[in-house]
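Visitor: Based on what follows, work out the 3D shape:
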Amino acid sequence: MLVPCFNAANYIDRFLMNLSLLDRSFDEVIFYDDASTDQTKNLLMSKGHRVISGEKNMGPAYARNMLVTHASHDWIHFHDIDDAMVPSYLTKTAVLAEIDQHDVILCNVDWRDRLTNELVMNWKYDNSQINHDPLKYTISHPIGGINGLYRKSKITEVGGFNSDLRIWEDADLHVRLASKAVRFYVIEEVLSIAFRTANSASSDQTLGWLNRLKLLENYQQQFTEYAIQQEIGQQAQSTAARLLLSGEGRAAKRALQLSEKSAVKVPVARSLLWRFLKNILPGSLRIELRLLHLQFAFRKHYH
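Guide: Numbers count the residues shown, from 1 in each chain. Coordinates of the predicted model:
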């Protein structure tokens, strides 16, 4: 198990307790302290754990890549120190690794509010769908960084995580793995639990959707197959709405332009009026109309 940490002193005891409750223990657990300013490193070392130290805060992608270089086993799992696993996590995933027919073993994830433990959302994945078209599926269904067991060699083959990203770096990793035809398997039950707090990186929705747009633009250049282009266009339109809600009008326009580049006309809406307008108006005008339409709809809904 590979665990990046930054100013995580308050989470250490709870995380180690969670580890102690697992039905099957990990063969090794390595922590990477990403230049914390609290006692994260000292606390972990005082409890007998192996800690790799960073001199400068570089973010979770860089931290995970460094951890991979220190891992000594063929299979690796990444986890965040403020998240958790159900006791049967490793029992259920390791048995699939041992039959040697898969490269990435995923599970579903519950996202819970840290203070109330109330369910915020549930990320569910489908084994048959991801294996039908892995690249299309990983683009349309973002996969997080705490619900996978990975063949280490496959992570290194794709160059690890993109360390330029601090959000969506985990979803991007799975897209790049899918592009290299790795073998996925999904255990369709919740085995990992992510806790959401107001100050966590994953809570920065604006930065998250801006990164999502940049990644979709990259994929549009890399993957030219028609079905993939269509999926990128669909995702770009969804991203445009999220960006507009965040007050990022220019980026929202960029996302709609990306959809048009991907041969998915704006908008995806199936109303008779829009179907008519899509046949007579140029893309640039439809984009402007769609932005106005969404702005009006959001104001009406939220006021």
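
Visitor: hey, which strand is longest across the protein?
Guide: Using DSSP state E, we find that the single longest strand of the chain is strand 184-196.

Visitor: Return the list of helices and strands in contact with it.
Guide: Packing partners of strand 184-196 (3 or more C-beta pairs under 8 Å, 6 or more residues apart in numbering; DSSP states H and E): strand 84-85, helix 89-98, strand 104-113, helix 127-132. Where you see a C-beta, it was placed from the backbone N, CA and C, and this is true even at glycine.

Visitor: what about the protein, any weak spots by pLDDT?
Guide: Scanning the chain with the threshold set as pLDDT under 70 gives 198-203, 300-303.

Visitor: give the contact list for L256.
Guide: Neighbouring residues of L256 by C-beta atoms under 8 Å, 6 or more residues apart in numbering: A236, Q237, A240, V266, I287, R290, L291.

Visitor: quick one, helices of the stretch 101-250 of the chain?
Guide: Taking DSSP state H, counting those that start in this stretch to define them, one finds helices in the stretch 101-250 of the chain at 127-132, 134-140, 152-157, 169-179, 205-222, 226-245, 249-261.

Visitor: What's the local residue count around I232?
Guide: I232 sits with 28 neighbouring residues when counted by other C-beta atoms under 10 Å.

Visitor: what's it in contact with, if anything?
Guide: I232 touches I139, L216, Y219, Q220, F223, L258, S259, S262, V264, counting by C-beta under 8 Å, 6+ apart.

Visitor: so the last one touches Q235, yeah?
Guide: No: with contact defined as C-beta atoms under 8 Å, V264 does not reach Q235; the gap is 9.4 Å.

Visitor: So between the two, which is more surrounded?
Guide: Q235 (23 against 20).

Visitor: Could you tell me which residues make contact with C5?
Guide: F31, Y32, D33, D34, S36, T40, L44, A63, I81.

Visitor: now swap in R14 and tell me
Guide: Taking C-beta under 8 Å, 6+ apart, one finds A84 in contact with R14.

Visitor: Figure out the helix or strand that it lives in.
Guide: Per DSSP states H and E: R14 is located in helix 12-20.

Visitor: Would you check how far apart the residue nearest to S53 when sequence neighbours are not counted and M66 are?
Guide: In this structure, S53 finds its nearest non-sequential neighbour in D33, 5.2 Å apart by C-beta to C-beta, 6 or more residues apart in numbering. From D33 across to M66, the span is 10 Å (C-beta to C-beta, to the nearest Å).

Visitor: Quickly list what's touching both of those two.
Guide: Contacts common to D33 and M66, judged by C-beta under 8 Å, 6+ apart, are I52, G54.

Visitor: Looking at the two, which is more packed in?
Guide: A direct count of neighbours by other C-beta under 10 Å for D33 and M66 places D33 higher, at 23 against 20.

Visitor: mind listing what the more buried one touches?
Guide: C5, F6, T40, K41, L44, V51, I52, S53, G54.

Visitor: With L244 instead?
Guide: Counted by C-beta under 8 Å, 6+ apart, L244 has contacts A252, L291, L294, Q295, F298.

Visitor: same for whichever strand or helix holds the third one, what does it pack against?
Guide: Right, L294. Secondary structure from DSSP H and E places L294 in helix 283-302. The contact analysis (3+ C-beta pairs under 8 Å, 6+ apart) places helix 283-302 against helix 226-245, helix 249-261, helix 272-280.

Visitor: Give me the contacts around the shortest one.
Guide: Put plainly, it is helix 272-280. Residues contacting helix 272-280 (C-beta under 8 Å, 6+ apart): K265, V266, P267, R286, L289.

Visitor: How about stretch 45-60, which residues are buried there?
Guide: H49, V51, I52, G54, M58, G59, P60 (16 or more other C-beta atoms under 10 Å).

Visitor: Please flag which of these sit within helices.
Guide: Judged by DSSP state H, the subset of the buried residues of stretch 45-60 located in helices is P60.

Visitor: Widest-spaced pair of the buried residues of stretch 45-60?
Guide: Farthest pair in these (C-beta to C-beta) is H49 and G59. Separation: 21.5 Å.
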